[in-house]
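>>> Below: sequence and its predicted model.
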Amino acid sequence: MIVSPSVLSLDYSDTKSQIEELNQSKATWMHFDVMDGHFVPNLTFGPDILKSFVKISDLFKDVHIMVDDPDFFSEVFIKAGAEMITFHYEVMDSDEDIQALIDKIHALGCKAGISIKPNTDVSVLKPFLNSADLFLIMSVEPGFGGQAFMENALDKIRTLKKWICESNSNALIEVDGGINEETGRLCAEAGADVLVAGSYVFKNDIKEATEVLCNM
Ligand code: DX5
Ligand code: ZN
């Protein structure tokens with residue numbers, strides 16, 4: 001299992017030592033939640049913060065942009081060091097626009113993911129099975145860490161896994177929100193490839209919690 005700890009839950013008064021611990025853990029990705037105060041009622045990091053994380057960690061930079069204007073911000077965050085940009089289906093106007101954004105992200109040398117909120121049907125992802133690198137299933141309403149896992153994510157993961165296998169796609173399924181040792185196991189059984197975890201990793205012993213999720 002790939003684990004992508006969400007730095008949204010870091011204790012920012014102690015950033016360097018926690019990132020050092022993360023660097024020595026079994027995590028291979030780092031999840032970076034960008035919020036613009038419009039798409040979600042919260043504000044987080046700009047590109048300069050991502051640049052600082054790039055300086056202190058070689059973990060794969062998994063950037064989840066919860067913004068109204070992903071076309072503009074994907075380029076900004078790729079320049080700052082993003083290796084995966086995942087944008088939200090809900091802010092896009094058409095399938096053509098989604099495909100164009102995937103192509104743009106690829107042309108800029110980055111991988112591209114599409115995310116859906118808990119009330120969005122998984123079937124909207126079907127046209128992109130062979131062009132997106134990752135599908136992010138939100139298991140909480142985006143905006144804040146520390147919320148409870150919503151079980152309707154599990155059916156979406158199972159359905160998506162089946163479609164991915166049937167279409168010989170290499171896309172990964174990532175789950176984000178309320179992941180801990182119980183819900184992480186349910187997602188692993190349903191077919192998830194990447195677990196995002198904020199509170200569970202940073203409110204516990206970082207290395208131990210990461211190892212529990214990696215071993216799923
Ligand atoms: C929520 C974010 C998540 C969040 C997960 O909008 O996308 O990545 O950090 O936090 P936990 O693991 O605490 O639910
Ligand atoms: Zn996220």
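Ah, there it is. Ligands and ions are numbered 1, 2, ... in the order given.
>>> Number of residues surrounding the nearest residue in space to A82 that is not next to it in sequence?
Closest residue to A82 apart from its sequence neighbours, by C-beta to C-beta, 6 or more residues apart in numbering: V63 at 4.0 Å. The C-beta positions use only the backbone N, C-alpha and C, and glycine is treated the same way. V63 is flanked by 26 other residues according to other C-beta atoms under 10 Å.
>>> hang on, V63 in a helix?
No - read with DSSP: H, G, I helix; E, B strand; the rest coil, V63 is strand and lies in no helix.
>>> ok, what's across the strand from it?
F32, I85 (DSSP bridges).
>>> how near is it to ligand 2?
Separation of V63 from ligand 2 (C-beta to the ion, to the nearest Å) stands at 9 Å.
>>> Report the contact partners of that residue.
F32, V34, L50, F77, A82, E83, M84, I85, T86 (C-beta atoms under 8 Å, 6 or more residues apart in numbering).
>>> Give me the most central residue, the chain.
H64 (5.1 Å; C-alpha atoms, centre = their mean).
>>> Once you drop chain neighbours, what's closest to it?
With C-beta to C-beta, 6+ apart, the residue lying closest to H64 is T86, at 4.9 Å.
>>> how about the one you found, what does it touch?
Listed by C-beta under 8 Å, 6+ apart, the contact partners of T86 are D62, V63, H64, I65, A112, G113, I114, S115, L134, L136, E174.
>>> Let me know the closest of the residues you listed to ligand 1.
Ligand 1 lies nearest to H64 out of the contacts of T86, by C-beta to the nearest ligand atom, at 5.4 Å.
>>> thought the closest one was touching D33?
Yes - between H64 and D33 there is a contact under C-beta atoms under 8 Å: 5.3 Å.
>>> What is the neighbour count of N152?
For N152, using other C-beta under 10 Å, the count is 12.
>>> What pLDDT is listed against it?
For N152, the model assigns a pLDDT of 97.
>>> how about the closest residue to it other than its chain neighbours, secondary structure?
Residue nearest to N152 in three dimensions, not counting chain neighbours: P118, with 6.3 Å by C-beta to C-beta, 6+ apart. Following three-state DSSP, P118 is assigned to coil.
>>> L154 is in contact with P118, correct?
No - P118 lies out of contact with L154 (C-beta under 8 Å); the separation is 11.7 Å.
>>> So the two - more neighbours on which side?
Comparing P118 with L154 by other C-beta under 10 Å, the one with more neighbours is L154, at 20 against 15.
>>> Now this protein against ligand 2: closest residue?
The chain approaches ligand 2 most closely through H64 (3.7 Å), counting by C-beta to the ion.
>>> Next up, the contacts around that residue.
With C-beta under 8 Å, 6+ apart, H64 has these contacts: H31, F32, D33, V34, T86, G113, S115, L136, D176, V196.
>>> One more: D36?
L43, M66, V67, D68, D69, F73.
>>> Separate out the buried members of the residues you listed.
Taking 16 or more other C-beta atoms under 10 Å as the criterion, what is buried in the contacts of D36 is M66, V67, F73.
>>> Near ligand 1, list only the ones from those.
Among the buried ones among the contacts of D36, not one lies near ligand 1 by C-beta under 6 Å from any ligand atom.
>>> quick check, nearest of these to A188?
M66 (24.6 Å; C-beta to C-beta).
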